[in-house]
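> pasting the sequence and the predicted coordinates here, then a few questions.
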Amino acid sequence: MTAPSFASQSPADRPTVRMKPKTNARAVRHGFPWVYANEIVTDRRTKKLAPGTLAVLEDETRQPLGLVSVNPNSKIFARMLDRDPAAELTAAWFEARLSKALNLREQLYDAPFYRLVHAEADGLPGVIIDRFGDACVLQPNAAWADVHLDLLSEALAKVTGVTTILKNASGRTRGLEGLDDVNAVLKGAAPDAPVHVPMNGATYMADLTGGQKTGLFFDQRENHAFAARLVHPGAKVLDVFSHVGGFGLAMLAGGAGEALSVDGSAAALSLAEQGAEASGVGDRFTTRKGDAFDVLTALADEGRSYDVVICDPPAFAPSKQALEAGLRAYERVARLAAPLVREGGYLGLCSCSHAADLGKFRTASARGIGRTGRSAQLLHTGYAGPDHPQLPQLAESGYLKAVFFRL
């Protein structure tokens with residue numbers, strides 16, 4: 001796409017946007033990356049700014065705070081791009097940020113399969129980039145990234161050397177920004193088969209064009225590894241909301257005797273089965289398609305029990321408005337899963353809802369276990385892996401929680 005002319009305005013020609021008095025300019029000055037629409041002085045001029053416009057953000061005394069992108073269509077009116085209000089978004093600017101992100105991942109991982117850019121925490125607000133060997137899947141979830149997509153993808157190819165770049169436009173965030181939902185191939189050709197991804201001794205199948213999000217959830221890597229430590233030879237494990245086999249395949253690679261993966265998506269379970277075959281554990285891996293709550297109930301009615309049960313549901317509380325209903329859903333998961341765990345066995349429960357903080361999620365999980373009459377030890381609390389760094393000032397960047405109990 002060709003960037004509109006405002007994207008390349010010289011710093012001297014940029015519009016300014018100013019924060020209202022008694023808003024939290026101090027938080028922005030200290031690293032908070034967002035300014036909400038109700039914190040900005042709005043008039044006809046600001047309301048007419050095109051989504052993705054670069055502007056200079058000022059506090060109420062007209063002191064510059066930095067270079068922001070604005071989107072009058074979003075509740076997040078301004079996103080901080082650079083503390084230097086005169087910064088220019090050139091190829092070199094993008095390459096510097098991508099190089100810094102790449103250096104971290106190359107230090108952490110010995111194979112090029114990871115989240116390369118985690119939005120604000122990597123200095124590219126709203127931008128998600130997952131790497132799958134020679135391919136990258138890019139989610140430009142903010143208007144400024146859509147405007148600069150050519151520069152961003154060119155810099156990505158130059159810094160990483162990848163031959164394929166795919167734009168993934170799915171997800172709730174782009175809708176909140178008023179952006180389209182059109183996927184595209186930005187470089188190379190879309191793969192015609194799932195990509196083999198090695199993690200924790202297992203092989204996963206990532207569908208880069210038809211799968212959920214970017215095709216695989218790298219964020220659970222460390223939690224998969226912890227779950228694998230809980231198994232013993234011959235252990236029976238249950239992986240609910242399994243997607244492409246995340247926890248189940250890792251636990252089989254760790255020595256479990258058999259694993260059952262449960263998911264509502266036949267396509268995801270097919271990829272999980274392919275991953276099990278590629279991992280050499282196909283004979284110990286089975287799947288069951290269905291609603292997770294119904295399957296958990298049915299397994300209990302069938303008298304099934306397992307040494308390790310993991311439940312990794314989608315975000316039940318994607319917003320503050322959904323928090324109470326989401327916490328009830330997390331409690332229900334724990335209540336239905338706990339009876340399936342053998343005495344002395346382990347239950348892992350996960351939440352990717354940023355609105356449900358760790359304390360609330362842990363309380364809901366413990367309450368659900370308690371309602372079954374089981375006693376529990378909290379063994380371990382896990383988070384997203386280090387390729388999903390958190391911006392300390394932005395609580396939303398620390399969305400993933402995993403709590404492991406011994407029952």
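Right, received. Where do you want to start?
> make it CA atoms for all contacts and neighbour counts henceforth
Will do.
> tell me the centre residue of the protein?
By Cα atoms, centre = their mean, the chain has its centre lying nearest to residue 219, at 6.6 Å.
> mind listing what it touches?
Residues near residue 219 by Cα atoms under 8 Å, 6 or more residues apart in numbering: 115, 384-385, 387-388, 400.
> turn those into JSON lines, columns for neighbour count.
Shown next, in JSON lines, are the contacts of residue 219 (neighbours: other Cα atoms under 10 Å):
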{"residue": "115", "neighbour count": "26"}
{"residue": "384", "neighbour count": "22"}
{"residue": "385", "neighbour count": "18"}
{"residue": "387", "neighbour count": "23"}
{"residue": "388", "neighbour count": "25"}
{"residue": "400", "neighbour count": "22"}
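> just the helices in this structure please.
Secondary structure of the chain (DSSP state H): helices at 25-29, 44-47, 91-108, 143-147, 149-160, 172-176, 221-229, 246-253, 266-278, 292-301, 323-337, 358-370.
> tally of neighbours for residue 27?
13 (other Cα atoms under 10 Å).
> and residue 11, by the same measure?
15.
> thought it was touching residue 87?
Yes: using Cα atoms under 8 Å, residue 11 is in contact with residue 87, at 7.3 Å.
> just to revisit the earlier point, residue 83: which of the contacts of residue 219 is nearest?
Proximity of the contacts of residue 219 to residue 83 was ranked by Cα to Cα; the top entry is residue 388 with 22.3 Å.
> list the contacts for the closest one?
Contacts for residue 388 (Cα under 8 Å, 6+ apart) come out as 115, 117-118, 219.
> now, which of the residues you listed sits nearest residue 96?
Using Cα to Cα, residue 117 is the member of the contacts of residue 388 that lies nearest residue 96, at 12.6 Å.
> got the contact list for residue 187?
Listed by Cα under 8 Å, 6+ apart, the contact set of residue 187 reads 153, 163-166.
> so what's it bridging to?
Residue 187 forms beta bridges with residue 165, as assigned by DSSP bridges.
> residue 55: neighbour count?
Residue 55: 28 surrounding residues under other Cα under 10 Å.
> that one against residue 17, yeah?
Yes: in this structure, residue 55 is within contact of residue 17 by Cα under 8 Å, at 6.7 Å.
> if I look at residue 248, how far off is residue 194?
Applying Cα to Cα, to the nearest Å, the value for residue 248 to residue 194 is 19 Å.
> more neighbours, these two?
residue 248 (33 against 18).
> pull out the buried positions in the strand ranked longest in the chain.
The longest strand of the chain (DSSP state E) is strand 341-351. By neighbour count on 16 or more other Cα atoms under 10 Å, the buried set for strand 341-351 is 341-342, 345-351.
> show me what that strand pairs with in its sheet, parallel or antiparallel.
Strand pairing for strand 341-351, using DSSP bridges, gives strand 306-311 (parallel), strand 401-406 (antiparallel).
> how far off helix 221-229 does the last one point, in degrees?
It stands for strand 401-406. Orientation check (axes from the mean of the first three to the mean of the last three Cα atoms, to 10 degrees): strand 401-406 against helix 221-229 gives 10 degrees.
> how does the protein divide into domains?
Using automatic domain parsing, the domain parsing of the chain gives 5-82, 91-187, 195-406.
> need these in JSON lines (columns: mean pLDDT).
Shown next, in JSON lines, are the domains of the chain (pLDDT from 0 to 100):
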{"stretch": "domain 5-82", "mean pLDDT": "91"}
{"stretch": "domain 91-187", "mean pLDDT": "96"}
{"stretch": "domain 195-406", "mean pLDDT": "95"}
